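Asker: Sequence isn't available, so here's the structure alone:
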Ligand SMILES: NC(=O)c1ccc[n+]([C@@H]2O[C@H](COP(=O)([O-])OP(=O)(O)OC[C@H]3O[C@@H](n4cnc5c(N)ncnc54)[C@H](O)[C@@H]3O)[C@@H](O)[C@H]2O)c1
């Protein structure tokens, strides 16, 4: 896949389950990566990386606040004025009926999953537009196309990033900017153990065959990004649920998880 060779790529949430797959697969494909996360200990291994791609820099950045995101953007700028590709992958989740989720917790979620990715796009889009090229990849979820009961803020953030991405695609496509959204179903990463409020659920009670592996999800996603796909549904369950919500929206209640 030549698409990633020599491309400067900013990746958030690089320490996580999907982020570390993005990092290693994109490096294998010759990408030049700026890796960031609020926790960067696990990224130390990239300091000695030698392979097809390059690590341009590691950034410890907390994007849960406006100030943290501004500091993060200033740190990116020191490494690269405007990356060719931005992958907004960092994210958190929570489970519980909306009224049980403390206000500060869901506001934090909205910042990390929606507002800061918008801030990051707002910062780089003008430079991408004047350069005449760029690719923004926003990691949404199946919860960005169907509601996730017991996850109202998560659903709002992931629908929000989908709608936002669709709008900026229209605004900037004439300036050579591609925008992709990624909509995985449950994938075996730390996010499945997220905070619970007023519910006691265990992801192991869910049919395990439906839970995807991070490796497969990201392999399929990367192929689709290289084809400049707008709307990426990695894995069989995501595709089935997308079809169901189009053909039989009333059946979506069957997937009530919490
Ligand atoms: N795993 C799934 O089931 C699943 C399904 C659909 C969508 N997603 C989305 O995929 C993306 C990656 O999630 P994952 O499954 O790898 O989860 P993960 O918990 O393994 O990784 C998320 C990463 O985001 C980082 N992060 C959290 N708060 C941050 C902050 N304030 N600033 C900077 N970084 C922060 C974490 O440190 C972590 O490394 C998320 O956007 C998530 O919503 C995941």
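Answerer: Everything's here; your move. Values in this document were obtained by computation on a predicted structure and should not be read as measured data.
Asker: Could you use CA atoms for every contact and neighbour count after this?
Answerer: Noted.
Asker: Could you give the residue of the stretch 151-258 of the chain that lies closest to the ligand?
Answerer: Using Cα to the nearest ligand atom, the closest approach of the stretch 151-258 of the chain to the ligand is made by residue 186 at 3.3 Å.
Asker: Contact partners for the nearest residue to residue 64 once chain neighbours are set aside?
Answerer: Closest residue to residue 64 apart from its sequence neighbours, by Cα to Cα, 6 or more residues apart in numbering: residue 112 at 4.9 Å. Applying Cα atoms under 8 Å, 6 or more residues apart in numbering to residue 112 gives the contacts 63-65, 90-92.
Asker: Contacts (any at all) between the ligand and the helix or strand containing residue 121?
Answerer: Assigned by DSSP states H and E, residue 121 belongs to helix 116-131. No - applying Cα under 6 Å from any ligand atom, one finds helix 116-131 separated from the ligand by no less than 9.1 Å.
Asker: who touches that helix?
Answerer: With Cα under 8 Å, 6+ apart as the test, helix 116-131 has contacts from 63-66, 69, 73, 82, 84, 88, 134, 136, 138, 164, 172, 175-177.
Asker: switch to 6 Å and redo it
Answerer: Applying Cα atoms under 6 Å, 6 or more residues apart in numbering, the external contacts of helix 116-131 come out as 88, 134, 175.
Asker: ok, and the most crowded of these?
Answerer: residue 88 (27 neighbours; other Cα atoms under 10 Å).
Asker: any idea how far that residue lies from the ligand?
Answerer: 7 Å (Cα to the nearest ligand atom, to the nearest Å).
Asker: circling back to that earlier point, any idea how far the residue nearest to residue 64 lies from residue 238?
Answerer: Noted for residue 112: a distance of 23 Å to residue 238, by Cα to Cα, to the nearest Å.
Asker: count of neighbours near the closest residue to the residue of the stretch 151-258 of the chain closest to the ligand other than its chain neighbours?
Answerer: Nearest residue to residue 186, sequence neighbours excluded (Cα to Cα, 6+ apart): residue 211, at 5.2 Å. Here the number of neighbours of residue 211 (other Cα under 10 Å) works out to 19.
Asker: Now find how far off-centre the helix or strand encompassing residue 78 is within its chain.
Answerer: Taking DSSP H and E as the criterion, residue 78 maps to helix 66-79. Centre-to-centre, helix 66-79 and its host chain are 18 Å apart (Cα atoms, centre = their mean, to the nearest Å).
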